[in-house]
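Enquirer: need a structure here:
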Amino acid sequence: VQGFAEESSTADETATKESAAEDSAIAGISPDNAILWRLEVFLEDANAAITYDQEEKMTKALDHAAERLAEAEKMLRWKKTAAAEKAKNKHEATLEKVQIYLEKLEYKDKAKELEKEYDVEEVVGSYEEQAKTWEEIIRTNAELDEEQQDIAEQLFEKAETAQAQFRTTLEKKKQETKLAMKANGVSEGELEILEAAIKD
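Expert: Residues are numbered from 1 along each chain as shown. Okay, the predicted model is just below:
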């Protein structure tokens, strides 16, 4: 990832993008408010951990990762390097939890499991779009020093790597689920009809 110190071509573009960043930001309590931010993160982690449904657990964790991403982006724009580093590190740790939850995504009802896998795929897609948005805002609007550029590069490289890993895992799980359904007597035609209904 390169070019995080680039400026937008006009003042109007800069103002528009900065306004969009503020309006669409999902970041709540910022990591520069150390005590409240740690409490918020702890409660989010605890909430995800006690969630029974695996798809819901994974979705919550990925939502939390997206929030850490937004917080890091905001701290970088505000030139709060240490706070941005905190958000970046927690973002990475949360993505690792997402992968663990994703690998454990399993249901006795394989038709339900396949539907959940497609649901998760949509959530991953939403995270990907948010990551692209924050990266573009940083790339075109933030004048970062060398340390801040390093944080931004690591932040979005990790997001991109995780997205690819999630996609690979999901594809593997979908194939395994479909094989299990066929082993239980579901025909190829029935499976195609089910997949089409899920996608619709």
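Enquirer: residue 167 contacts residue 120, correct?
Expert: No - judged on CB atoms under 8 Å, residue 167 makes no contact with residue 120 at a distance of 10.5 Å. Every residue, glycine included, has its C-beta placed from N, CA and C.
Enquirer: which stretches in the protein count as helices?
Expert: With DSSP state H, the ranges of helices along the chain come out as 11-24, 34-49, 54-77, 81-103, 110-141, 146-183, 188-199.
Enquirer: before we move on, back to that, so residue 167 and residue 120 - more neighbours on which side?
Expert: A direct count of neighbours by other CB atoms under 10 Å for residue 167 and residue 120 places residue 120 higher, at 24 against 14.
Enquirer: got the contact list for that one?
Expert: Applying CB atoms under 8 Å, 6 or more residues apart in numbering to residue 120 gives the contacts 55, 58-59, 102, 105, 170.
Enquirer: what would the helices of the chain look like in JSON lines with mean pLDDT?
Expert: As requested, the helices of the chain are exported to JSON lines (pLDDT from 0 to 100):
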{"stretch": "helix 11-24", "mean pLDDT": "44"}
{"stretch": "helix 34-49", "mean pLDDT": "93"}
{"stretch": "helix 54-77", "mean pLDDT": "93"}
{"stretch": "helix 81-103", "mean pLDDT": "95"}
{"stretch": "helix 110-141", "mean pLDDT": "91"}
{"stretch": "helix 146-183", "mean pLDDT": "95"}
{"stretch": "helix 188-199", "mean pLDDT": "92"}
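Enquirer: pull up the gap between residue 40 and residue 92, please.
Expert: 18 Å (CB to CB, to the nearest Å).
Enquirer: before we move on, what about residue 149?
Expert: 17 Å.
Enquirer: and residue 81, by the same measure?
Expert: From residue 81 over to residue 92 (counting by CB to CB), the distance is 17 Å.
Enquirer: tell me the centre residue of this structure?
Expert: The centroid of the chain falls nearest to residue 127 when counting by CA atoms, centre = their mean (3.8 Å).
Enquirer: that residue reaches residue 67, doesn't it?
Expert: No - assessed by CB under 8 Å, residue 127 is found out of contact with residue 67, at 10.6 Å.
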